[in-house]
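Student: Fold the stuff below for me.
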Amino acid sequence: MTTLTPPPAPKSYLSEEKREEILREMGENILYVEESAGAREAGDLQSSWGWLARANLPHYSLMRLKLNYGAEFIRKFGFKTEPAEVAYGKDWLERDYTP
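Tutor: The predicted structure is shown next:
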């Protein structure tokens, strides 16, 4: 069995106090979205996508990412694809889709 090592956390643009507040009041998923927004505002798109990839996105958001950026983009950043696999099938990244 191969154990995958998660990629290192992208650069954070939030203060530790802000991170703790978001975690306490809204949870981990919103923290990732806020981190993504902070990185984007700082012009760090690599970190922005890296943070967003850690969030639990709905299947339709994952499909939009595939349509806009391609399957390899989703693989590169390690987006969690389980919601799309349930909605579209395990091979959804390999199949063509026309909205």
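Student: ok, longest helix in this protein?
Tutor: Assignment by DSSP state H gives helix 28-41 as the longest helix of the chain.
Student: for that helix, packing partners?
Tutor: Here helix 28-41 touches helix 16-25, helix 45-54, going by 3 or more C-beta pairs under 8 Å, 6 or more residues apart in numbering; DSSP states H and E. Using the backbone N, CA and C atoms, a C-beta is placed for each residue, glycine as well.
Student: Measure how far the last one is from the centre of its chain, please.
Tutor: The one in question is helix 45-54. How far helix 45-54 lies from its chain's middle: 6 Å, per C-alpha atoms, centre = their mean, to the nearest Å.
Student: Name the residues that touch it?
Tutor: Helix 45-54 is contacted from outside by 7, 9-11, 13, 32-33, 35-37, 39-40, 77-80, using C-beta atoms under 8 Å, 6 or more residues apart in numbering.
Student: follow-up on the earlier one: pick the most buried one from the helices and strands packed on helix 28-41.
Tutor: Highest mean neighbour count of the helices and strands packed on helix 28-41: helix 45-54, a mean of 20 (counted as mean count of other C-beta atoms under 10 Å).
Student: Average the pLDDT values over that helix and round to the nearest integer.
Tutor: For helix 45-54, mean pLDDT is 96.
Student: What angle do helix 28-41 and that helix make with each other?
Tutor: Going by axes from the mean of the first three to the mean of the last three C-alpha atoms, to 10 degrees, helix 45-54 is angled at 170 degrees with respect to helix 28-41.
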